[in-house]
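*Asks:* Kindly return the folded structure for what I paste below:
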Amino acid sequence: MKSKVSLLIAFAAVIACAGFIFLPAEKEKTSSTAEEVKWLTYDQAVALSKKNPKPIFIDVYTDWCGWCKHMDKNTFSNPKIAAYLNKKFYSVKLNPEKADSAHYKGKAMTNGALAAQIFHVNSYPTTVYLEADETLLQPLPGYQAPNDFNRIIHYIGENQYKTTTWEDYKTNFTETVE
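*Replies:* Numbers count the residues shown, from 1 in each chain. Okay, here's the model as predicted:
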């Protein structure tokens with residue numbers, strides 16, 4: 001009987017040790033190291049571009065726009081897109097429904113006037129691309145999925161629009177971010 005109890009205790013000890021050995025490892029807690037877009041106001045982007053010229057990217061959005069939120073969640077939160085925007089552009093979040101004002105080529109105007117009169121925005125989301133000197137390149141209305149948006153920002157960020165048609169560029173651009 002003693003040998004059975006000793007054997008049972010030994011067996012229980014082996015099972016207990018095996019349980020600790022095969023426990024799933026606790027996941028390391030890591031801080032979020034994914035890059036995020038460094039959003040600026042319009043005036044901040046213009047001031048920075050005067051010191052160090054880069055194109056200006058503008059996300060024209062509203063608080064109630066579902067597709068705007070979808071673009072924030074799926075496109076702008078992509079680490080590769082964020083890194084590229086931060087490297088090649090000054091990025092602006094512009095809500096035309098806010099009472100804020102901005103200065104376009106030195107002229108003070110509301111965000112709404114800037115979006116409608118200067119950038120020709122009439123739907124949300126619309127992405128707007130400017131040269132470093134505030135010259136309008138293109139407003140693009142509508143939601144843009146990460147891979148589509150990535151293609152566009154490379155086209156502008158690499159100055160390909162100056163020498164290559166969009167049709168030729170998008171046919172040859174193969175980099176994906178998803």
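*Asks:* Please pull out the lowest mean pLDDT helix or strand from the chain.
*Replies:* The helix or strand of the chain with the poorest confidence is helix 2-21; it has a mean of 42 (mean pLDDT, DSSP states H and E).
*Asks:* Please report the distance of the residue positioned nearest the centre of the chain from V177.
*Replies:* Central residue of the chain (Cα atoms, centre = their mean): F76, 2.0 Å from the mean position. Going from F76 to V177 by Cβ to Cβ, to the nearest Å gives 12 Å. The way it works is simple: take the backbone N, C-alpha and C, and place the C-beta from them, glycine included.
*Asks:* now I56
*Replies:* For I56 relative to V177 (Cβ to Cβ), the value is 21 Å.
*Asks:* likewise L140?
*Replies:* Taking Cβ to Cβ, one finds L140 at 17 Å from V177.
*Asks:* hey, where'd the strands end up in this structure?
*Replies:* 39-40, 56-60, 90-94, 101-104, 107-110, 126-130, 136-141 (DSSP state E).
*Asks:* Quick one, which of those gets closest to D72.
*Replies:* Taking Cβ to Cβ, strand 56-60 is the member of the strands of the chain nearest to D72, at 8.2 Å.
*Asks:* now the closest one, how far from the chain's geometric center?
*Replies:* Centroid separation for strand 56-60 versus its chain: 11 Å, with Cα atoms, centre = their mean, to the nearest Å.
*Asks:* tell me the contacts of S123?
*Replies:* P141, G142 (Cβ atoms under 8 Å, 6 or more residues apart in numbering).
*Asks:* what do you get if the cut-off is 7 Å, keeping everything else the same?
*Replies:* For S123, the contacting residues are P141, by Cβ atoms under 7 Å, 6 or more residues apart in numbering.
*Asks:* Looking at it now. What's its pLDDT?
*Replies:* In this prediction, S123 carries a pLDDT score of 96.
*Asks:* ok, now A99?
*Replies:* A99 is assigned 88 on the pLDDT scale.
*Asks:* Next, count neighbours for it.
*Replies:* By the criterion of other Cβ atoms under 10 Å, A99 has 8 neighbours.
*Asks:* Apart from its chain neighbours, what residue comes closest to it?
*Replies:* T110 (7.0 Å; Cβ to Cβ, 6 or more residues apart in numbering).
*Asks:* so that neighbour makes contact with Y104?
*Replies:* No: distance between T110 and Y104: 10.6 Å, which falls outside the contact criterion (Cβ atoms under 7 Å).
*Asks:* got the CA coordinates for stretch 36-52 in CSV?
*Replies:* Written as CSV, here are the backbone C-alpha positions of stretch 36-52 (Å, rounded to 0.1, in the frame of the first residue of the first chain):
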residue,chain,number,x,y,z
GLU,A,36,1.5,57.0,-36.6
VAL,A,37,0.9,59.9,-39.0
LYS,A,38,2.1,63.1,-37.5
TRP,A,39,-1.0,65.3,-38.1
LEU,A,40,-0.5,69.1,-38.2
THR,A,41,-2.8,72.1,-38.7
TYR,A,42,-2.7,73.7,-42.1
ASP,A,43,-0.7,76.7,-40.9
GLN,A,44,1.8,74.5,-39.2
ALA,A,45,2.3,72.5,-42.4
VAL,A,46,2.8,75.6,-44.5
ALA,A,47,5.3,77.0,-42.0
LEU,A,48,7.3,73.8,-42.0
SER,A,49,7.2,73.6,-45.8
LYS,A,50,8.7,77.1,-46.1
LYS,A,51,11.7,76.0,-44.0
ASN,A,52,12.0,72.5,-45.5
